[in-house]
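Peer 1: what would the 3D arrangement of this be:
(2 chains)
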Amino acid sequence: MSASVERDAQGRRRARWTPWLLLAPGFLWLFWFFYLPLSALLRMSLSTKPSRFAVPEFSWAWSNYEQAFSDYGSQFTRSFTYALAATSIALLIAYPVAYVIAFRGGRYRNVLLGLVVVPFFTNFLIRTLAWKTILGDQGAVVSLLRTVGLLDANEALLRTPIAVIGGLTYNFLPFMVLPIYVSLEKIDPKLLDAARDLYSNTWRGFRKVVLPLSLPGVFAGSLLVFIPAAGDFVNAYYLGNAKTTMIGNVVQDQFLVQNNYPVAAALSFVFIAIVMVIVAVYSRLLGTEDLT
Amino acid sequence: MRTGPGQPGARGGDRLNESGAQAGTARNDDVVIEIRHVSKRFGDFVAVDDADFGILRGEFFSMLGPSGCGKTTTLRMIAGFEQPTEGEVRLDGNDVSRVPPYRRNVNTVFQRYELFPHMTVYDNVAFGPRSTKVPKPEIAERVRSMLEVVRLADLAHRKPAQLSGGQQQRVALARALVNYPSALLLDEPLGALDLKLRQTMQIELKRIQREVGITFVFVTHDQEEALTMSDRIAVMNEGRVEQIGTPEEIYHRPASVFVAGFIGVANLIPAVVASADGATAGVDAAGRRFPVPITDPAVRTGDAAVVMVRPERLHLSTTVPATDGAAVEVAVADLTFQGPVVRTALRTDDGTDLVAHVGPEDELPMLRPGDRLWASWEPDAACLLRAAPRNFPDE
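Peer 2: Modelled structure (predicted):
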């Protein structure tokens, strides 16, 4: 009797520790690869570096943040505008694609999904450089647009915001398609029968049943496109010009060219803060925690 | 054969199957749904083969049959999810064969309910009236009173995932009935529930149907369920309607060997018609000749036939019984205690298997396999069926 009580107590003790043990690898990972680098970056963002070759020194230098806002405000605005545009266009393209694959794909579903992912087999940089050729002044797209009169002879596509936003949209499109597909695929098609049975035509059934049920996918997809697009520097670098510089380009320049680590770190923190605010507002708007 | 939609429909009555008791008296506006020579083919597969019957206003009508018999396809054609390959579906006197589901005044309770998971019970029920732009105060009133009918008023703000199976079933019912449809279509709605809950819901469904007075078209493969609940039953097999009638007619006067075998337990004895005069036929079966009432006027002397007797109408006795009907000598093959009755398997000397349900009132001695007895039945207990090569599932 007492032996079993003892064993029970021992078992309870073990049970109390089990979740912590299971969490330990994750905590260690976060500590080493998230907390430590981030606190180092935070420290750096408040340091001063009087010259290019000096060692940065921690000095509560809030001026770095002032500089980040005052000198690079337009790049921040541009980054989030471009990212918003790319996310919106990606959503408009991805939703119908995901819808057709999920509801009309039949036995070709997996093949079609494969096609969505196939571009990933090519390197990110190579894909972007390919667009440079496609949109180039001598390329087929420009000459076609010039022929039909949508583009003047002295106008170009490359080195314009259109090219940058297009590149961002293209590169991150699969991140939009896949989560939306997953959420659509989970919807029982019989729910559409139920909506039609209850006097809703296809459009109303879509608005009232399919769209709300796919919002978690839209939410996930938007974030997966928006966040990397806002921080991206490759597309602006290869497809844009000096006036399409995004915050990613500034950070890259400050870190790797100017060696101005404190300002680069401050820029990164401002970026993180803005993204977090946007995500918080967005999740409140879509009310994802309220779904299902 | 086909009549135009504008033609005065004086033929409503004769659209009903002959075996419907109301057939002679039904006026056209008593018929809510007419299935006129409807066939449905999917490629080479014939799902429904020339179904032709009417469903009366306010009745509880069941379509009963094994899986793949075409009952669900027929229901889906009434709902509008499928279109007939041939024939027409008429609703309230109008041909709706090509009308989409959202413009038909019928509503469906789906097999797995298909409640909208992101909406509360209230919003689920209000979905139909909102689609048809019913004024808001009226929606609130209708939803509230319908939730009252299905006894879910307290759970209006729950999500479907927070409800039990039986409660989800009630929401599905309310969501359909709140639209006051011309007919409510139920696609095996009790199949997902356990036995106890299913029996409760059978009673509930009947109560709700009486309360709202709406026509129920109920699809099921469970013959007991159909017998318990229906005013009339259409028994279907391999796409064909085998018989339409009240539960009593279907049980006591099955129109085919399939119906006899599918509904309840039946003794089906191969027979040859030896004489046929008007109301009674003499048949040779199980090594005897005995009289059987004729229900099918096409019976001729010399026809191969099947005599059907229900096990509870079979009397067993140790001595030669005095009867106008049939009496055959049998040997007990097997005894199975089933609670109220003992299922007694018997075999005649010519090898015909019979089953009798023996109760305490039969006053028999303790039976043992091998015992020899007399099995007998009154003439009106038997039923003469045309021998059909059609298969039917074992009981």
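
Peer 1: and for stretch B:152-171, what's in contact with it?
Peer 2: A:292, B:109, B:113, B:115-122, B:124-125, B:143-144, B:147, B:150-151, B:174, B:189-190, B:192-193, B:197, B:200-201, B:204 (Cβ atoms under 8 Å, 6 or more residues apart in numbering or on different chains). All C-beta spots, glycine's among them, are computed from the backbone N, C-alpha and C.

Peer 1: typo on my end, it should be stretch A:57-69
Peer 2: A:43, A:45-49, A:76, A:262-263, A:265-267, A:269-270.

Peer 1: who wins on neighbours among the residues you listed?
Peer 2: Ranked by neighbour count (other Cβ atoms under 10 Å in any protein chain shown), these have residue A:266 at the top, with 29 neighbours.

Peer 1: buried residues in the helix ranked longest in chain B?
Peer 2: Across chain B, the longest stretch assigned as helix under DSSP state H is helix B:195-212. Residues B:197-198, B:201-202, B:204-205, B:208-209, B:212 are the ones in helix B:195-212 that count as buried (16 or more other Cβ atoms under 10 Å in any protein chain shown).

Peer 1: what of stretch B:307-323?
Peer 2: B:307-311, B:313-317, B:321, B:323.

Peer 1: got it, and stretch B:50-63?
Peer 2: B:51-63.

Peer 1: just the helices in chain A please.
Peer 2: With DSSP H as the criterion, chain A has helices spanning A:2-30, A:36-45, A:63-99, A:109-117, A:124-135, A:140-147, A:161-185, A:189-197, A:202-205, A:211-231, A:234-239, A:247-252, A:261-286.

Peer 1: coming back round to it: strands - which of the contacts of stretch B:152-171 land there?
Peer 2: residue B:109 (DSSP state E).

Peer 1: from the contacts of stretch B:152-171, list the buried ones, please.
Peer 2: Of the contacts of stretch B:152-171, these count as buried by 16+ other Cβ under 10 Å: B:109, B:113, B:115-122, B:124-125, B:143, B:147, B:150, B:174, B:189-190, B:193, B:197, B:201, B:204.

Peer 1: report how many residues lie close to residue A:281.
Peer 2: Neighbour number of residue A:281 under other Cβ under 10 Å is 10.

Peer 1: among the helices of chain A, which gets the worst mean confidence?
Peer 2: Of all the helices of chain A, the minimum mean pLDDT falls on helix A:2-30 (a mean of 80).

Peer 1: now the helix or strand hosting residue B:55, how far from the centre of its chain.
Peer 2: Take DSSP states H and E as the rule and residue B:55 turns out to sit in strand B:45-56. With Cα atoms, centre = their mean, to the nearest Å as the basis, strand B:45-56 stands 14 Å off its chain's centre.

Peer 1: likewise stretch A:112-121?
Peer 2: 18 Å.

Peer 1: kindly format the C-alpha coordinates of it as PDB.
Peer 2: In PDB, the C-alpha atoms belonging to stretch A:112-121 read as follows (Å, rounded to 0.1, in the frame of the first residue of the first chain):
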ATOM      1  CA  LEU A 112      -0.300  20.900 -59.900                       C
ATOM      2  CA  LEU A 113       1.100  21.600 -56.400                       C
ATOM      3  CA  GLY A 114       4.400  20.300 -57.600                       C
ATOM      4  CA  LEU A 115       4.300  22.800 -60.400                       C
ATOM      5  CA  VAL A 116       3.800  25.600 -57.800                       C
ATOM      6  CA  VAL A 117       7.000  24.500 -56.000                       C
ATOM      7  CA  VAL A 118       9.100  23.700 -59.100                       C
ATOM      8  CA  PRO A 119      10.600  27.200 -59.400                       C
ATOM      9  CA  PHE A 120      12.200  26.700 -55.900                       C
ATOM     10  CA  PHE A 121      14.500  24.100 -57.500                       C
END
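
Peer 1: show me what it is in contact with.
Peer 2: Under Cβ under 8 Å, 6+ apart, the answer for stretch A:112-121 is A:97, A:100-101, A:105, A:127, A:173-174, A:177-178, A:181.

Peer 1: again, only using 6 Å
Peer 2: When contacts are defined by Cβ atoms under 6 Å, 6 or more residues apart in numbering or on different chains, stretch A:112-121 is touched by residues A:101, A:105, A:174, A:177.

Peer 1: next: stretch B:222-240.
Peer 2: Outside stretch B:222-240, the residues touching it (Cβ under 6 Å, 6+ apart) are B:46-49, B:59-65, B:69-71, B:202, B:206, B:220, B:241-244, B:246-247, B:250, B:258-259, B:263.

Peer 1: put the buried members of the residues you listed into a ChimeraX selection.
Peer 2: Provided next is the ChimeraX selection string for whichever of the contacts of stretch B:222-240 are buried by 16+ other Cβ under 10 Å:
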select /B:46,47,48,49,59,60,61,62,63,64,65,69,70,71,202,220,241,242,243,244,246,247,250,258,259,263
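
Peer 1: skipping its backbone neighbours, what lies nearest residue B:354 in space?
Peer 2: residue B:346 (4.4 Å; Cβ to Cβ, 6 or more residues apart in numbering or on different chains).

Peer 1: listing partners with orientation, what would you give for the strand or helix carrying the one you found?
Peer 2: Using DSSP H and E, residue B:346 sits in strand B:342-348. The strands beside strand B:342-348 in its sheet (DSSP bridges) come out as strand B:326-337 (antiparallel), strand B:353-358 (antiparallel).

Peer 1: quick revisit: any chance of TSV for the buried residues of helix B:195-212, columns distance to residue A:286?
Peer 2: Output for the buried residues of helix B:195-212, formatted as TSV (distance: Cβ to Cβ, whole Å):
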residue	distance to residue A:286
B:197	37
B:198	40
B:201	38
B:202	43
B:204	39
B:205	40
B:208	38
B:209	42
B:212	39
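
Peer 1: make TSV from the residues you listed and add pLDDT and distance to chain A to it.
Peer 2: Output for those, formatted as TSV (pLDDT from 0 to 100; distance: Cβ to the nearest Cβ, whole Å):
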residue	pLDDT	distance to chain A
B:197	89	22
B:198	90	21
B:201	91	19
B:202	92	23
B:204	91	21
B:205	93	18
B:208	93	18
B:209	94	19
B:212	91	17
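
Peer 1: residue B:301 and residue B:276 touch, don't they?
Peer 2: Yes. Using Cβ atoms under 6 Å, residue B:301 makes contact with residue B:276 at a distance of 5.3 Å.

Peer 1: more neighbours: which of those two?
Peer 2: Between residue B:301 and residue B:276, counting by other Cβ under 10 Å, residue B:276 is the more crowded of the two (21 against 12).

Peer 1: regarding residue B:33, what is its secondary structure?
Peer 2: strand (DSSP: H, G, I helix; E, B strand; the rest coil).

Peer 1: how near is the closest residue to residue B:122 other than its chain neighbours to chain A?
Peer 2: Closest residue in space to residue B:122, ignoring its immediate chain neighbours: residue B:156 at 4.3 Å, by Cβ to Cβ, 6+ apart. Counting by Cβ to the nearest Cβ, to the nearest Å, the gap from residue B:156 to chain A is 17 Å.
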